[in-house]
Structures are given as structure tokens and as C-alpha cells.
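Asks: please work out how this folds:
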Amino acid sequence: MLATFRRFGCAAVAAGMLAGPAAAQPVPLMPGVTYDQQVQFTPHGPVGFSVITAPPPGSAGGLYRLGPVLAAGTIRGARERVADLEREVSGSSTAVGVDGDFSTGSDGHPAGIVVDAGAYLHGPSAARSSIGVDSTGMLQIGRITFAGTWKGSGQRHPVAGINQTPRGSQTVLFTPAWGGATPDIATAAAVVLEPFPVPAPNTDLTATVTTVGTGATVIPPDGAVLVSTGAEAANLQAETASGSDITIRLILPSSWATVTDALGGGPLLVRNGNAVFHTSENFASDQLAQRDARAAVGQLADGRIILVAVDGGQPGYSVGMTTYELAQTMARLGARTAAALAYGKPVTAAFDGQLLSRPADRSGAPVKEGLLIQYFGVYAPPVSTPIIGKDNQTTVEQLEYKVVRPSSVTAVVIGPNGVVHPVDSGSRDPGIYTFTWNTYDAEGTWHWNIKATDDLGRNSVADQSFQYDLTISALKVPKMSRGGAKIAFTLARPASVTLQIKTSFGTVVETNPPAELAPGAQSLSWDGRAATGTAAPAGSYVAHITAVSSVGTIELSAPFTLRS
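Replies: Sure thing, here's the model as predicted:
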């Protein structure tokens with residue numbers, strides 16, 4: 001599946017870059033989700049950026065989710081590339097996304113809030129924007145604060161945070177998202193709570209104390225550990241005992257009561273459809289004003305989500321953007337609200353484990369957190385050969401689909417004449433299913449169509465098209481020629497045929513006007529000159545023929561060498 005997308009993805013990127021922003025066409029990635037590559041030409045140089053557009057989170061009965069994914073599933077420690085994060089969740093979803101929040105500290109933890117599918121894992125940065133997704137699929141962007149309490153046998157006491165190293169006299173809650181054990185602070189008091197409920201905010205979380213101790217403490221997979229330092233340690237030791245209950249409350253603003261997923265970032269870029277210049281967030285001026293690779297998330301007026309990854313640090317291709325230029329771009333793309341994410345080397349856009357963007361290091365820097373759009377319905381990658389003609393070496397299509405939950409599936413191939421050819425049906429466990437197809441009874445556009453209903457009752461459809469077209473065949477180009485080249489071919493029906501000459505690197509040298517040709521043996525010639533009228537230099541070239549007929553559009557190419 002990945003190899004299939006690699007061919008598809010690279011072609012899409014190249015097409016987007018050649019076409020420019022006015023002609024770039026969104027490329028479907030998975031049902032409802034598209035991608036396009038745009039270029040802005042500025043006085044400082046070109047800027048290339050990727051735009052991913054997706055349905056509102058939670059739509060289609062919950063088939064779409066927008067939320068953070070942590071490297072190794074923990075707040076600190078390991079980092080991974082965005083593409084690697086997508087591969088790790090590929091068994092439970094099909095994902096596309098960008099880098100998430102900034103990371104900070106020697107352990108590389110996210111700088112801001114982390115809420116993952118309702119579980120509160122890390123607190124917000126009060127001086128920077130937090131980005132939340134509520135249960136209605138709307139983005140909530142703003143600066144928020146955290147307050148927490150715990151209560152044992154005495155009065156309520158403050159909880160300073162969750163999954164962060166305590167400082168001075170503080171009490172902090174540690175969950176398995178922190179890692180294997182709490183920090184090794186010799187004077188710290190620690191109580192183990194097991195089992196511990198999902199740490200949802202604004203809810204009383206009551207659990208039983210199983211162990212009371214000091215210093216580094218193992219965090220049970222189904223539990224949590226409350227750690228107090230300084231003067232707070234005495235309160236924790238005095239008011240808890242093995243077998244007793246503790247109630248903890250993790251408090252976020254009431255406006256965030258329905259937020260199910262969240263991450264940090266900033267600054268705010270768009271408010272009510274207008275680009276924001278002054279945000280007064282805790283960023284140095286050079287962090288905002290320098291042109292760099294940058295990422296952002298926004299929401300359109302109709303609820304759809306857009307993720308943007310700006311490439312940077314590559315003069316001649318993409319010089320990057322300032323924060324305000326990113327804000328203007330998000331507003332131009334139609335965002336009603338938007339916020340920036342991490343900038344610099346971490347900026348990457350990827351789909352299903354393959355790069356969409358073009359980061360300066362060509363592979364994307366590892367990150368602590370990605371922001372992913374996850375799709376839980378049936379997914380079918382592009383077919384192995386989008387167009388099949390007489391000159392193809394094989395007429396066998398490799399077909400594939402993936403389900404991530406137990407599902408009832410019906411998979412068919414539909415011919416251009418409307419004839420339905422059953423391929424697969426029945427109850428299917430999560431996994432990838434592959435088939436071959438080599439029976440063609442009509443020319444035109446064929447469809448690989450899969451319908452699935454999962455065990456939660458959610459319906460989804462995947463559809464990929466391919467073309468069987470015998471219009472053009474027997475393409476012949478002299479391996480070597482002087483002063484141009486004669487390109488011969490055979491037409492099975494009338495067609496409008498265009499000849500394009502390209503370098504071996506894909507640069508267009510000359511394009512002949514379309515010629516209306518009759519069936520039979522035909523030829524088109526190139527006079528050896530570029531579009532500017534100057535003689536093309538000797539070297540390697542490709543003759544590219546495009547034929548448009550009543551069946552559709554088919555293309556054939558052949559290399560040749562131009563001699564001086």
C-alpha cells in the first residue's frame with residue numbers, strides 16, 4: 001500500500017508545483033480529505049506550502065478525529081517523524097497530519113496542553129494559545145489556565161499540574177503517559193492510586209490508595225501516582241492511607257467543558273476570518289518575524305479543518321513565511337479561526353506514512369507530538385496502474401482496501417458500461433485485503449468501489465478509478481535524431497493529440513498545439529526548438545503524447561536523444 005501511495009504522492013506534488021497556485025487541483029487522499037500543493041511568489045522569493053482539507057472532527061458518525069498523537073505515547077522522551085506516527089496508528093486508522101506543539105525542556109515534553117480522546121495528559125501554557133476540539137467538532141483557540149485539587153481525609157489541597165516535574169512545594173498527578181516511574185525526588189511523598197479513571201478534566205476522579213511511599217515510584221498501567229514535594233509532602237502523608245480514597249479534580253475553564261482533544265501552539269493567527277497581527281503571546285519578536293518553515297491549523301466557515309505546512313529555508317523553492325504572512329495565508333484560504341503550531345525543522349506534512357511536504361532535510365525532523373486527522377472508515381489506496389492501454393506491459397490491476405474495525409464489506413469493480421463485477425463480500429476482521437483484476441469488457445473509466453459497515457454501525461465508502469483505453473498504441477520515437485524528432489503512433493479512434501517535449505528531469509521544452517487526427521497510423525514532429533524559438537541543446541529528452549477521445553484521456557511517453 002505504501003509503495004502505491006509513493007507513486008501517487010510524488011506525482012501529485014510534482015503536478016502541484018508545476019501548475020502553480022491558480023491551477024493546482026486538490027488531490028483526494030482518503031474519503032472526504034484532500035491535499036494540494038500551492039506556491040506564492042513574493043518579493044523575498046517563492047513560498048511552497050501544503051494544504052490538507054478534511055471534514056469536521058466527529059462528522060460522519062465519528063469517522064473523523066482531529067487530535068494530538070505523542071511519540072511513544074508518552075509526554076517525554078522519544079521523538080518520531082510525523083510519517084512514523086502515522087505508521088504507528090495505521091492499524092487503527094488512516095491518518096494525515098502535520099507536526100504539533102513546540103517541545104521544551106531536557107526531556108522534550110510538549111510546551112502546552114495535551115488532551116487525547118478525553119484524557120488530560122499535560123497542562124496548558126497560560127501565556128500561549130491552546131487549541132481544543134470540542135464534541136461538536138469546533139475549534140476552541142485561546143489562552144487558558146489550569147487549576148486542580150486533591151482531597152483525602154482532610155481539606156482540599158491544590159494540584160499544580162499533571163505529568164510535570166514538581167517544583168518547590170507542589171503536588172502533581174502522574175499517569176502512565178509520563179512514563180514508567182515518577183521523578184526520583186528523595187524527599188517527595190507518593191501515593192499510588194489503582195485503578196484510576198480516565199483523567200478527564202472538570203470531573204471528580206476518585207481512586208483507592210494502594211501504596212504510600214517516597215521517592216521514585218512505579219506508575220501502574222491502570223493507575224496513577226500523586227506526588228507532593230516540600231511542605232505539601234506532609235499533607236499528603238498525613239491525609240492518605242492505604243485502602244483509603246482520594247478525589248482529584250483537574251479544572252479547565254468552563255468554556256472547555258466539552259473539549260475532547262487539545263494541544264498547545266500559538267500564536268493565534270485568525271479571528272473571525274481576519275488575520276491577527278498583535279497577539280501579545282509569549283513569543284520573542286524574532287520567532288514571529290523570521291521567514292521559516294511553519295505549520296498551522298484552522299477551521300473554515302462550514303466546519304471543515306485545514307492543516308497547512310509551509311516549507312522553508314530553501315531559496316529558489318521556498319523561503320518560508322513570517323507568522324503574520326502565515327496568518328494572511330490562513331485567512332485567504334478561508335479560515336474563520338486558526339492558530340500556528342511548531343515552526344522550523346519539525347514542520348512536515350505526511351499521509352499514511354509518506355511525505356506530502358518538502359522539508360529542508362528531505363525526511364522531516366523528529367517531533368514529540370503530531371497533529372493528525374484520523375479516518376476510521378474503509379480506505380482504498382490508488383490503484384496500481386491509473387491508465388491501462390495497449391502499450392502497457394501488463395493489464396493486471398492490483399486492488400486493495402483496509403478496514404480498521406470488524407466490518408461487513410462489499411467490494412466490487414464497476415465497468416464504464418455500468419456492469420458490476422463482485423470481488424469480495426462478507427464479514428472482515430481489521431486488516432488489509434488485496435486482489436487482482438484483469439478482465440476488461442469495455443473501454444472507459446472503471447471504479448474500484450468498497451462499502452463497509454463497522455461494528456459501531458458506521459457506514460463508509462471508498463472509491464478509486466482507473467481507465468482502460470486502447471485509443472493510442474505503437475508509440476515509436478527514434479532513439480537518436482538530429483534537428484528534432486518524428487513521433488509515430490497508431491490511433492484506434494479519432495482523437496485530439498498533443499505532443500509535448502520534456503527534458504529527462506521533466507521540464508517542459510515545447511508543447512505543440514492539439515492536432516485533430518483520424519484513426520490509423522499517425523505521426524507528429526518536433527522541430528528541435530524550444531518554446532522560445534532557440535535550438536534545443538543536445539541531450540536526453542522525452543516525447544510525451546496525450547490523446548483525448550470519446551473514451552477519455554490517455555498518455556504515452558518515450559525517451560530519445562537529440563544529437564547536435
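Asks: C-alpha only now, for contacts and for neighbours.
Replies: Noted.
Asks: residue 61 and residue 454 touch, don't they?
Replies: No: using Cα atoms under 8 Å as the test, residue 61 is too far from residue 454 to be in contact (11.2 Å).
Asks: compare those two (neighbour count), which wins?
Replies: residue 454 (22 against 12; other Cα atoms under 10 Å).
Asks: neighbours of the nearest residue to that one once chain neighbours are set aside, how many?
Replies: Spatially, and ignoring its direct neighbours in sequence, residue 454 is nearest to residue 407 (4.0 Å; Cα to Cα, 6 or more residues apart in numbering). Neighbourhood size, residue 407 [other Cα under 10 Å]: 23.
Asks: domain-wise, how is the protein divided?
Replies: Domains of the chain are assigned by automatic domain parsing as 2-143+260-375, 147-251, 387-468, 472-563.
Asks: identify, out of those domains, the most deeply packed stretch.
Replies: Sort the domains of the chain by mean neighbour count, taking mean count of other Cα atoms under 10 Å, and domain 2-143+260-375 sits at the top with a mean of 21.
Asks: quick check, distance from it to the centre of its chain.
Replies: Centroid displacement of domain 2-143+260-375 relative to its chain, using Cα atoms, centre = their mean, to the nearest Å, is 8 Å.
Asks: next: stretch 504-511.
Replies: 31 Å.
Asks: quick one: end-to-end distance for that stretch.
Replies: The first residue of stretch 504-511 is 15 Å away from its last residue (Cα to Cα, to the nearest Å).
Asks: these two touch, right, residue 352 and residue 95?
Replies: Yes: using Cα under 8 Å, residue 352 makes contact with residue 95 at a distance of 5.5 Å.
Asks: who touches both of these two?
Replies: Listed as contacting both residue 352 and residue 95 by Cα atoms under 8 Å, 6 or more residues apart in numbering are residue 86.
Asks: before we move on, back to that, list the contacts of the residue nearest to residue 454.
Replies: Contacts of residue 407 (Cα under 8 Å, 6+ apart): 427, 428, 429, 430, 452, 453, 454, 455.
Asks: and residue 52, that's in a strand?
Replies: Yes: membership of residue 52 in a strand is supported by DSSP: H, G, I helix; E, B strand; the rest coil.
Asks: so what's it bridging to?
Replies: Going by DSSP bridges, residue 52 is paired in beta bridges with residue 35, residue 307.
Asks: quickly note the distance from it to residue 352.
Replies: Residue 52 is 13 Å from residue 352, by Cα to Cα.
Asks: ok, now residue 364?
Replies: Residue 364 is 14 Å from residue 352, by Cα to Cα.
Asks: what's the answer for residue 563, then?
Replies: From residue 563 to residue 352 the distance is 44 Å (Cα to Cα).
Asks: and if you look at residue 263?
Replies: 21 Å.
Asks: if we can go back for a sec, quick check, pLDDT for the residue nearest to residue 454.
Replies: pLDDT recorded at residue 407 is 98.
Asks: what bits of the stretch 301-450 of the chain have low per-residue confidence?
Replies: Counting by pLDDT under 70, the stretch 301-450 of the chain contains low-confidence ranges at 392-394.
Asks: how about the strands in it?
Replies: In the stretch 301-450 of the chain, the segments counted as strands under DSSP state E, counting those that start in this stretch are 305-310, 335-343, 349-351, 354-355, 369-375, 387-388, 397-403, 407-414, 420-428, 431-437, 444-454.
Asks: now those as a markdown table including distance to residue 472?
Replies: Converted to a markdown table, the strands of the stretch 301-450 of the chain look like this (distance: least, Cα to Cα, whole Å):
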| stretch | distance to residue 472 |
| --- | --- |
| strand 305-310 | 40 |
| strand 335-343 | 45 |
| strand 349-351 | 34 |
| strand 354-355 | 33 |
| strand 369-375 | 39 |
| strand 387-388 | 11 |
| strand 397-403 | 19 |
| strand 407-414 | 23 |
| strand 420-428 | 26 |
| strand 431-437 | 22 |
| strand 444-454 | 13 |
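Asks: tell me which of those lies nearest to residue 281.
Replies: Evaluated over these, closeness to residue 281 peaks at strand 335-343, with 11.7 Å, by Cα to Cα.
Asks: can you name every helix or strand that that closest one contacts?
Replies: Judged by 3 or more Cα pairs under 8 Å, 6 or more residues apart in numbering; DSSP states H and E, strand 335-343 is in contact with strand 139-142, strand 268-271, strand 294-300, helix 323-332.
Asks: which residues sit against that strand?
Replies: Strand 335-343 is contacted from outside by 99-102, 129, 131, 139, 141, 264-274, 292-301, 306, 323, 327, 330, using Cα under 8 Å, 6+ apart.
Asks: show me where the stretch 151-300 of the chain has helices.
Replies: All helices of the stretch 151-300 of the chain, identified by DSSP state H, counting those that start in this stretch, fall at 231-238, 285-289.
Asks: what helices and strands are in contact with the shortest one?
Replies: Just to be clear, that refers to helix 285-289. helix 323-332.
Asks: residues making contact with the helix it packs on?
Replies: Contacts for helix 323-332 (Cα under 8 Å, 6+ apart): 269-270, 273-277, 288-291, 294, 296, 298, 338, 340.
Asks: for residue 314, state which of those residues is nearest.
Replies: Once Cα to Cα is applied, the member of the contacts of helix 323-332 that ends up nearest residue 314 is residue 291, at 10.8 Å.
Asks: pLDDT wise, what is the closest one at?
Replies: 95.
Asks: tell me the contacts of it?
Replies: 312, 319, 320, 321, 322, 323.
Asks: ok, those vs residue 412, which is closest?
Replies: Of all the contacts of residue 291, residue 312 has the smallest distance to residue 412: 43.6 Å, by Cα to Cα.
Asks: how about that closest one, what does it touch?
Replies: Contacts of residue 312 (Cα under 8 Å, 6+ apart): 47-48, 291-294, 318-321, 344, 359-360.
Asks: dump those into TSV; add distance to residue 550 as well.
Replies: Below are the contacts of residue 312 laid out as TSV (distance: Cα to Cα, whole Å):
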residue	distance to residue 550
47	39
48	37
291	49
292	48
293	45
294	45
318	41
319	44
320	44
321	45
344	49
359	41
360	44
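Asks: quick one: residue 236 from residue 150, how far?
Replies: Distance from residue 236 to residue 150, by Cα to Cα: 9 Å.
Asks: tell me which residues touch the nearest residue to residue 557 once chain neighbours are set aside, please.
Replies: If the residues on either side of it in the chain are set aside, residue 557 comes closest to residue 544, at 4.4 Å by Cα to Cα, 6+ apart. Residues near residue 544 by Cα under 8 Å, 6+ apart: 499, 500, 501, 502, 555, 556, 557, 558.
Asks: pLDDT score assigned to residue 544?
Replies: As predicted, residue 544 sits at a pLDDT of 94.
Asks: sorry, back to before: now the domains of the chain in CSV, with distance to residue 381?
Replies: Compiled in CSV, the domains of the chain are given as follows (distance: least, Cα to Cα, whole Å):
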stretch, distance to residue 381
domain 2-143+260-375, 7
domain 147-251, 33
domain 387-468, 7
domain 472-563, 21
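Asks: quick one: low-confidence ranges for the chain?
Replies: 1-24, 392-394.
Asks: how far away is the residue of it positioned farthest from its centre from residue 231?
Replies: Most distant from the centre of the chain: residue 238, at 49.1 Å, with distances by Cα atoms, centre = their mean. As for residue 238, its distance to residue 231 is 12 Å (criterion: Cα to Cα).
Asks: then residue 72?
Replies: For residue 72, the distance to residue 231 - Cα to Cα - is 34 Å.
Asks: one step back: for the residue nearest to residue 454, name its beta-bridge partners.
Replies: Here residue 407, judged by DSSP bridges, has bridge partners residue 428, residue 454.
Asks: mind listing what residue 103 touches?
Replies: 109, 110, 111, 367, 368.
Asks: the same query, at a cut-off of 7 Å, please.
Replies: 109, 110, 111, 368 (Cα atoms under 7 Å, 6 or more residues apart in numbering).
Asks: I'd say residue 556 and residue 547 touch.
Replies: No: Residue 556 lies out of contact with residue 547 (Cα atoms under 7 Å); the separation is 8.7 Å.
Asks: thinking again about what came up before, can you put the contacts of residue 544 in CSV and add secondary structure and distance to residue 213?
Replies: Below are the contacts of residue 544 laid out as CSV (DSSP: H, G, I helix; E, B strand; the rest coil; distance: Cα to Cα, whole Å):
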residue, secondary structure, distance to residue 213
499, strand, 79
500, strand, 76
501, strand, 76
502, strand, 73
555, strand, 73
556, strand, 74
557, strand, 73
558, strand, 75
